[in-house]
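# next come a sequence and a model predicted from it.
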Amino acid sequence: MADAFASNWIAPLGPHVDGFEREFAAKVGATHAVALSSGTAALHLALRLAGVGAGDEVFCSTLTFVASANPILYEGATPVFLDCERESWNLDPNVLEDALRNRTGRKPKALVLVHLYGQSANLDPILDLCAQHGVTVIEDAAEALGATYHGRPVGTRSFAGVFSFNGNKIITTSGGGMLVTEDASLAQHARFLATQARDPAPHYQHSQLGFNYRLSNVLAAIGRGQLLHLDEKVDRRRANFDFYKKTLGDLPGVQFMPEASWGRSNRWLTCLTIDPSVAGTDREKVRLALDRENIEARPVWKPLHAQPLFAQAPRFGGQVAEDLFEHGLCLPSGSNLGTADRARVAALVRECFPDRR
């Protein structure tokens, strides 16, 4: 950052953008990376580069943040929401298979595959199914930087992967995102579209619709500094999870988000479910008890098929996602969360359980 200000090279673009793209690609094992203004911008460009347009259908995980589906609407396409499985809380390959078989004559143009709460979806069967049916896969790894699938970083096995550096992510540039791909021409076209699609000419000439989506030099400098500490931040997030599981795992009706056998989660957020029929309390009572002490905890994502914005969208399944939303809670999980802070959270949670204080 000091170098960016000293050189007065704040925006747009600049040497730190080039460096951030190069270093990020190396970190996740991608060939090309394009630094952008947000993860949403990265997903929007990925959909446009995949040829998604008006009248198309795009499959999408239903248990995710709304930004996973909004860009589908930007392009005039229709999202079709698919349920998750309990092993990882990510898209269920069996539901995907059912959806592909039952949309006869209406093949989806693409699949937005979310790696939820820092954990990889079960990529192999999902990619195989999509290859069989000619469906382009875009990995939404906004929450999953630092996570792996069979030892390989997520976001790098599909048409394109997208990441977010929003303020709540595991590393942040305050606002920013990245698109990664193995295709050089795809990366070049993404850069072209992200800089208002300016044609090569001495004057300003535009033949295509473009966007103001590129990352500034100063924010890229922040990203380079943050990226150096990614592994440390993942370790801290995983330590948060281990602490909460050790101190709260004995509570009746409490189950933590599992870590699937196929990968290693970055544990971006520590999430658990509370079964009120066993616990003697419920998710909302615990959340409100924390809120009264000025501690922010949130329900897990409300399924997109249950959002008013998408009330008319087709869906397959949804019961698992609905159950996780009804009973799921995300605990404070920041990388700088201290032991005393975690202990305070855990003690307040325990107080909500009868006879378990």
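Sure, I can see it.

# after the worst-scoring helix or strand of the chain on mean pLDDT comes which helix or strand?
Using mean pLDDT, DSSP states H and E, helix 2-6 stands out as the lowest-scoring helix or strand of the chain, at a mean of 60. Heading C-terminal from helix 2-6, the first helix or strand you meet, by DSSP states H and E, is helix 15-28.

# quick one: buried residues of that following helix?
Using 16 or more other C-beta atoms under 10 Å as the burial criterion, the residues of helix 15-28 that qualify are H16, V17, G19, F20, E21, F24, A25, K27, V28. (Each C-beta comes from the backbone N, C-alpha and C, glycine too.)

# contacts for that helix, please.
3-4, 9, 30-35, 145, 153, 155-156, 161, 163, 178, 180, 214-218, 220-221, 223-224, 227, 230 (C-beta atoms under 8 Å, 6 or more residues apart in numbering).

# do that again at 6 Å, thanks
Contact with helix 15-28 is made by 4, 33, 35, 153, 155-156, 178, 215, 217, 220-221, 223-224, 227, as judged by C-beta atoms under 6 Å, 6 or more residues apart in numbering.

# just list what the longest helix belonging to the chain packs against, helices and strands only.
Across the chain, the longest stretch assigned as helix under DSSP state H is helix 230-248. Applying 3 or more C-beta pairs under 6 Å, 6 or more residues apart in numbering; DSSP states H and E, one finds that helix 230-248 makes contact with strand 270-274, helix 339-351.

# tell me the buried residues in it?
Taking 16+ other C-beta under 10 Å as the basis for neighbour counts, the residues of helix 230-248 that come out buried are L230, K233, V234, R236, R237, R238, N240, F241, F243, Y244, T247, L248.

# picking up where we left off before, tell me which of the helices and strands packed on helix 230-248 sits most buried.
Among these, judged by mean count of other C-beta atoms under 10 Å, the one packed with the most neighbours on average is strand 270-274 (a mean of 25).

# buried residues, the helix or strand just after that strand. List them.
Towards the C-terminus, the helix or strand next in line after strand 270-274, according to DSSP H and E, is helix 276-279. In terms of neighbour count (16+ other C-beta under 10 Å), helix 276-279 has its buried residues at A279.

# tell me which helix or strand comes right after the strand or helix carrying A42.
Of the helices and strands defined by DSSP H and E, A42 is found in helix 39-49. Note on helix 39-49: by DSSP H and E, the next helix or strand toward the C-terminus is strand 57-61.

# so what secondary structure elements neighbour that next one?
strand 78-82, strand 110-114.

# could I get the full set of helices for the stretch 151-300 of the chain?
Under the criterion DSSP state H, counting those that start in this stretch, the stretch 151-300 of the chain carries helices at the ranges 184-194, 217-227, 230-248, 276-279, 283-292.

# want to throw the ones you listed into TSV with mean pLDDT and distance to V135?
Formatted as TSV, the entries for the helices of the stretch 151-300 of the chain read as follows, by pLDDT from 0 to 100; distance: least, C-beta to C-beta, whole Å:
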stretch	mean pLDDT	distance to V135
helix 184-194	97	17
helix 217-227	94	31
helix 230-248	98	31
helix 276-279	96	39
helix 283-292	98	35
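
# neighbours around the nearest residue to Y117 once chain neighbours are set aside, how many?
Setting aside the residues directly before and after it, Y117 is nearest to L269 in space (C-beta to C-beta, 6 or more residues apart in numbering), at 5.2 Å. Number of residues near L269 (other C-beta atoms under 10 Å) recorded here: 25.

# try A306
When counting by other C-beta under 10 Å, one arrives at 15 neighbours for A306.

# heads up, I number from 13, so please use that
Noted, 13 is the first residue going forward, which turns the last one into A318.

# relative to D68, how far out is it?
A318 sits 23 Å away from D68, going by C-beta to C-beta, to the nearest Å.

# swap in P165?
29 Å.

# now the residue lying closest to Q220 once chain neighbours are set aside: phi and psi?
In space, Q220 comes closest to A209 once its chain neighbours are excluded; the distance is 4.3 Å by C-beta to C-beta, 6+ apart. Backbone dihedrals for A209, given as degrees, to the nearest 10, come out at phi 50, psi 50.

# re earlier: redo the helices of the stretch 163-312 of the chain as JSON lines? Include distance to F365.
Supplementary listing: the helices of the stretch 163-312 of the chain in JSON lines, determined by distance: least, C-beta to C-beta, whole Å:
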{"stretch": "helix 196-206", "distance to F365": "50"}
{"stretch": "helix 229-239", "distance to F365": "37"}
{"stretch": "helix 242-260", "distance to F365": "9"}
{"stretch": "helix 288-291", "distance to F365": "6"}
{"stretch": "helix 295-304", "distance to F365": "9"}
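
# run through this protein and note the low-pLDDT ranges.
Confidence mapping of the chain against pLDDT under 70 gives the ranges 13-25, 116, 368-369.

# unless I'm mixing things up, E271 is touching T282, no?
No: the criterion here is C-beta atoms under 6 Å, and E271 misses it with T282 at 11.6 Å.

# S73 is in contact with L103, isn't it?
Yes: distance between S73 and L103: 4.5 Å, which falls inside the contact criterion (C-beta under 6 Å).

# mind splitting this protein into its structural domains?
For the chain, the domain assignment from automatic domain parsing gives the residue ranges 14-239, 242-363.

# tell me which of these is the most buried.
The highest mean neighbour count among these, using mean count of other C-beta under 10 Å, belongs to domain 14-239: a mean of 20.
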